[in-house]
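Novice: sequence unknown, structure follows:
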């Protein structure tokens, strides 16, 4: 017997997140071995009159491919898959791999080839810009371990987070979006962090369950050359199967001129992927009330209550500062008191302190109002 929470999740993805219409083609991509969520999605797409297409990817096999792949093969692979993506109206990706470090044996140069010649044309240029899409994880023992929970407890947490009333959250986001749209100068202060930049004229975007599940952020981007100062991230991040911690960036006129971490050499290899990787493409505030601790999973960590992320690499067209890169790496700073606290100022006005919104128009985004 199916878990009714799973059926609700699939229905929400198809009807709310993607809003599938009769005759539309929907690509369902599963990385991992979970099948029940895929079957639920197929049934829901058919129920809406859509046409589901499915791809199942084994991360172990994918890692084996990438370790020896050539640029020519990646370009041919991308050419084939790009044609398919161009024929799709919607895309849903479920990530359910059992080992977040599966790609750690793939050399960084190989990952750069994959990012530049596969991910960039298919996902950053075609899927993100020209389809309706949503990306999510699926609960398993590996994710539960990363979250420090039993599998059963993590499943309960997962469905609380992913089946949140995102339509209600969307309304609560409106004042923050309006404030971002009229803000010029931003200052962020935390232990090891003092950074300033402008977001004037960039615009902002609400993330309320339409593109990511879980969700709960409003993002914009800094004017590309306006970033100055230092930021010290306090949340670990997995990139290409490698865990990075204690990442610190120092900026001069928008560019990351110094970068250190527990793996400084590989960190700088990522930042040297292309020119845009050393500039910031996104600034976002996270406030999902159910997500409180990091679990080395970006889709969850970037929505942590009382967090922000400041993202090297590609900017989104909806809030575009012109930065272009094959990299888009959401790195997270949590500002709740147990993580060191911190403040965010918009045009010299304190808008969030120690992870809580402190001006009246934004109080609806504090956790007691969103649960």
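Specialist: Right, received. Where do you want to start? What you are looking at is a predicted structure, and each value in this text was computed from that prediction instead of being measured.

Novice: use CA for all of it now, contacts and neighbours both
Specialist: OK.

Novice: all strands for the stretch 151-300 of the chain, in order.
Specialist: 185-190, 193-198, 205-207, 212-213, 217-220, 228-232, 237-239, 242-244, 248-252, 255-260, 280-286 (DSSP state E, counting those that start in this stretch).

Novice: would TSV of those with mean neighbour count be doable?
Specialist: Converted to TSV, the strands of the stretch 151-300 of the chain look like this (neighbours: other Cα atoms under 10 Å):
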stretch	mean neighbour count
strand 185-190	20
strand 193-198	19
strand 205-207	21
strand 212-213	24
strand 217-220	25
strand 228-232	21
strand 237-239	21
strand 242-244	18
strand 248-252	19
strand 255-260	18
strand 280-286	26
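
Novice: looking at these, which is closest to residue 2?
Specialist: When these are compared by Cα to Cα, strand 212-213 sits nearest residue 2, at 20.3 Å.

Novice: circling back: which one of the strands of the stretch 151-300 of the chain lies nearest to residue 95?
Specialist: Among the strands of the stretch 151-300 of the chain, the nearest to residue 95 by Cα to Cα is strand 212-213 (11.1 Å).

Novice: and residue 307, which of the strands of the stretch 151-300 of the chain is closest to it?
Specialist: Closest to residue 307 of the strands of the stretch 151-300 of the chain is strand 280-286 (Cα to Cα; 5.1 Å).

Novice: Distance of residue 118 relative to residue 77?
Specialist: From residue 118 over to residue 77 the distance is 8 Å, taken as Cα to Cα, to the nearest Å.

Novice: out of these two, which sits in the more crowded spot?
Specialist: Set residue 118 next to residue 77 and count neighbours by other Cα atoms under 10 Å: residue 118 wins out with 23 against 13.

Novice: tell me which element the nearest residue to the more buried one once chain neighbours are set aside is part of?
Specialist: With sequence-adjacent residues excluded and distances taken as Cα to Cα, 6 or more residues apart in numbering, residue 118 is closest to residue 78, at 5.1 Å. Under the criterion of DSSP states H and E, residue 78 resides in helix 71-86.

Novice: what is the rounded mean pLDDT of that helix?
Specialist: Mean pLDDT, helix 71-86: 96.

Novice: ok, residue 360 - how many residues close by?
Specialist: So residue 360, with other Cα under 10 Å, has 9 neighbours.

Novice: for the one 3 residues further on, same thing?
Specialist: Using other Cα under 10 Å, residue 363 has 18 neighbouring residues.

Novice: Test my guess that it contacts residue 352.
Specialist: No - Residue 363 is not in contact with residue 352 according to Cα atoms under 8 Å; the separation is 9.7 Å.

Novice: Which pLDDT value goes with the closest residue to residue 191 other than its chain neighbours?
Specialist: If the residues on either side of it in the chain are set aside, residue 191 comes closest to residue 340, at 6.4 Å by Cα to Cα, 6+ apart. pLDDT recorded at residue 340 is 98.

Novice: next one: residue 166
Specialist: Residue 166 carries a pLDDT score of 90 in this model.

Novice: For it, which residues are in contact?
Specialist: Listed by Cα atoms under 8 Å, 6 or more residues apart in numbering, the contact partners of residue 166 are 208-209, 215.

Novice: which of those residues are buried?
Specialist: Buried members of the contacts of residue 166, scored by 16 or more other Cα atoms under 10 Å, are 208-209, 215.

Novice: rewinding a little: for residue 286, state which of the contacts of residue 166 is nearest.
Specialist: Minimum distance to residue 286 across the contacts of residue 166 is 8.5 Å, recorded for residue 215 (Cα to Cα).

Novice: Test my guess that the closest one contacts residue 170.
Specialist: No - the pair residue 215 and residue 170 does not pass the contact test of Cα under 8 Å, sitting 10.2 Å apart.

Novice: Can you pull out the low-pLDDT segments for the stretch 101-250 of the chain?
Specialist: Along the stretch 101-250 of the chain, no part satisfies pLDDT under 70.

Novice: which residues of it fall in helices?
Specialist: When assigned using DSSP state H, counting those that start in this stretch, the helices of the stretch 101-250 of the chain occupy the ranges 108-114, 128-130, 141-146, 151-162, 166-181.

Novice: Tabulate the ones you listed in TSV, adding columns for distance to residue 19.
Specialist: As requested, these are exported to TSV (distance: least, Cα to Cα, whole Å):
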stretch	distance to residue 19
helix 108-114	31
helix 128-130	15
helix 141-146	28
helix 151-162	17
helix 166-181	13
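
Novice: among those, which is nearest residue 278?
Specialist: Distance to residue 278, taken as Cα to Cα, is lowest for helix 108-114 among the helices of the stretch 101-250 of the chain, at 14.7 Å.

Novice: Report the beta-bridge partner residues of residue 243.
Specialist: residue 238 (DSSP bridges).

Novice: hang on, the earlier thing: between residue 215 and residue 170, which contacts overlap?
Specialist: Counting by Cα under 8 Å, 6+ apart, the common neighbours of residue 215 and residue 170 are 207-208.

Novice: Let me see the mean pLDDT of stretch 304-320.
Specialist: What stretch 304-320 shows for mean pLDDT is 96.

Novice: Quick one: end-to-end distance for that stretch.
Specialist: Stretch 304-320 has an end-to-end distance of 24 Å (Cα to Cα).

Novice: And for stretch 234-248?
Specialist: 9 Å.

Novice: How about residues contacting that stretch?
Specialist: Here stretch 234-248 makes contact (Cα under 8 Å, 6+ apart) with 100-106, 108, 111, 230-233, 259-263, 267, 294, 296-298, 301, 329, 331-334, 339.

Novice: how much distance is there from that stretch to the middle of the chain?
Specialist: Put simply, stretch 234-248 sits 14 Å off its chain's centre (Cα atoms, centre = their mean, to the nearest Å).

Novice: next one: stretch 290-305
Specialist: Put simply, stretch 290-305 sits 10 Å off its chain's centre (Cα atoms, centre = their mean).
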